[in-house]
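In: The amino acid sequence is not available; the structure is as follows:
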């Protein structure tokens, strides 16, 4: 494993490792759904909000900011009136989105079994 700049080996189980915060951003309730939704291509904020049922404007904006800061989402503001902002995945974002989408698909594919287990 490569050492990071501040002499800490990346280890998500270490409470001081920055990877833990990034993992939290990616696997948060809205982070996962944003990454999956943007796999299909560029979306404007309002279209992304419609695509992800139940997300508030505030939570969507906050989650997008975190994913943008981590380098997974790219925000493109167009200099027009009214403001027009697009969101899409970076190459690293596509890679991460594929992994979380695989996890979501595994859960969806086994949902019957999961629900049955809850009832026992």
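Out: Arrived safely. These numbers come from a predicted model, not from an experiment. Numbers count the residues shown, from 1 in each chain.
In: how far does the longest helix anywhere in the chain sit from the chain's center?
Out: Scanning the chain for the helix with the most residues, using DSSP state H, yields helix 91-109. Between the centre of helix 91-109 and the centre of its chain there are 10 Å (CA atoms, centre = their mean, to the nearest Å).
In: same for it, what does it pack against?
Out: Packing partners of helix 91-109 (3 or more CB pairs under 8 Å, 6 or more residues apart in numbering; DSSP states H and E): helix 19-27, helix 29-38. Heads up, the C-betas are built off the backbone N, CA and C, glycines and all.
In: quick one, what contacts the spatially closest residue to residue 63 that is not a sequence neighbour?
Out: If you skip the residues right next to it in sequence, residue 63 has residue 30 as its closest partner in space, 4.1 Å away by CB to CB, 6 or more residues apart in numbering. Remark: with contacts taken as CB atoms under 8 Å, 6 or more residues apart in numbering, residue 30 is in contact with 52, 55, 59, 60, 63.
In: top of those by neighbour count?
Out: Of all the contacts of residue 30, residue 63 has the most neighbours under the rule other CB atoms under 10 Å, reaching 22 neighbours.
In: Contact partners for that one?
Out: 25, 28, 30, 31, 34, 55.
In: So for the strand or helix carrying residue 58, mean pLDDT?
Out: Residue 58 is part of helix 57-69, with elements assigned from DSSP states H and E. The average pLDDT for helix 57-69 rounds to 97.
In: Quick one: name whatever helix or strand follows that helix.
Out: Past helix 57-69, further along toward the C-terminus, the next helix or strand under DSSP H and E is strand 73-78.
In: Following element in sequence after that next one, please.
Out: Downstream of strand 73-78 (by DSSP H and E), the next one is strand 84-89.
In: Point out where this structure drops to low pLDDT.
Out: Along the chain, the model assigns pLDDT under 70 to residues 1-8.
In: which ones are touching the residue nearest to the spatial centre of it?
Out: Among the residues of the chain, the one closest to the centroid is residue 31, at 3.1 Å (CA atoms, centre = their mean). Going by CB under 8 Å, 6+ apart, residue 31 touches 25, 63, 66, 67.
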